[in-house]
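Visitor: Need a 3D model of the following:
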Amino acid sequence: MPRSVAPSLFGSVTFPRLLAELTAAPDRVFTASELEALVGASHDSLYRALQRGVAAGLVNREQIGKQHTYRIDTGSPIYAEIKTLLSKLFGPADALRRSLAGAGPPDVEAAFLFGSAARAQDNLSSDLDVFVVGEISRFALARQLAGVERELGREVNAMAYSRHDVERRLAEGDGFLREVLGGPKLMLLGRDADLPPVPVGGD
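Guide: Residues are numbered from 1 along each chain as shown. Presented below is the predicted three-dimensional model:
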């Protein structure tokens, strides 16, 4: 389970949860008490996690009056990588992966996030763009993802194409599919190697 990996990777339970909350709302400034409630951690545990985040250059701390406020440092050279990893462990990628877990070939051969979420540039108001390769219909896919859409409180724009359709459209030079399949992807099911290859060059 991805969530069980987080404490081993980050050395604590609280630290990755803190970073997940901060990266989910990169434009927001939080007080320590707000973060304590969101993360569900004790005061001491949250304090240690915040100290680690500041020391690592991932969290900005600013004193306003008698209290400190905190926000994720989007200028950190590892911000995009951390946000993507946390999305896989706690965020929309994890939720979408769980929602699609019951589907398999031939309905769903592979699935991935693209767009702002794959580029680690999304926020809580961003739509989530999901691309599925498989025989599932768009209606069935929308029904499959309805629960996670409510859970996340974010619109999920999901599209599904059969492998044959993807290969045909790529061969015909479909600009949209070339851009999506050739651009940043955050895999939900399957591997990048499982996707139809984008032809080199074009018409």
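Visitor: which residues sit in contact with the residue nearest to the spatial centre of the chain?
Guide: Nearest residue to the geometric centre of the chain (CA atoms, centre = their mean): Ser87, 3.6 Å. When contacts are counted by CB atoms under 8 Å, 6 or more residues apart in numbering, Ser87 touches 23, 93-94, 117, 120, 186. For every residue, glycine as well, the C-beta is placed using N, CA and C.
Visitor: tell me the average confidence for the host helix or strand of it?
Guide: Using DSSP states H and E, the element containing Ser87 is helix 79-89. Mean pLDDT, helix 79-89: 84.
Visitor: before we move on, what about stretch 160-170?
Guide: Rounded mean pLDDT across stretch 160-170 is 96.
Visitor: Check pLDDT for the contacts of Ser87 and point me to the minimum.
Guide: Ala120 (81).
Visitor: wait, isn't that one in contact with Leu86?
Guide: No - using CB atoms under 8 Å as the test, Ala120 is too far from Leu86 to be in contact (9.5 Å).
Visitor: neighbour count winner among those two?
Guide: Neighbour comparison, Ala120 and Leu86: the larger count goes to Leu86, with 24 against 20 (by other CB atoms under 10 Å).
Visitor: what about the closest residue to Lys185 other than its chain neighbours, which SS state?
Guide: Of all residues not flanking Lys185 in the chain, Phe112 sits nearest, at 4.3 Å (CB to CB, 6 or more residues apart in numbering). When classified by DSSP: H, G, I helix; E, B strand; the rest coil, Phe112 comes out as strand.
Visitor: can you tell me which residues contact Phe112?
Guide: By CB under 8 Å, 6+ apart, the neighbours of Phe112 are 118, 130-131, 185-188, 190, 192, 195.
Visitor: re the thing from before, quick one: buried residues of the helix holding Ser87?
Guide: Of all the residues in helix 79-89, those buried under the rule 16 or more other CB atoms under 10 Å are 79, 82-89.
Visitor: Output these in a markdown table; the columns should cover distance to Thr31.
Guide: Below are the buried residues of helix 79-89 laid out as a markdown table (distance: CB to CB, whole Å):
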| residue | distance to Thr31 |
| --- | --- |
| Tyr79 | 22 |
| Ile82 | 22 |
| Lys83 | 22 |
| Thr84 | 27 |
| Leu85 | 26 |
| Leu86 | 21 |
| Ser87 | 24 |
| Lys88 | 28 |
| Leu89 | 25 |
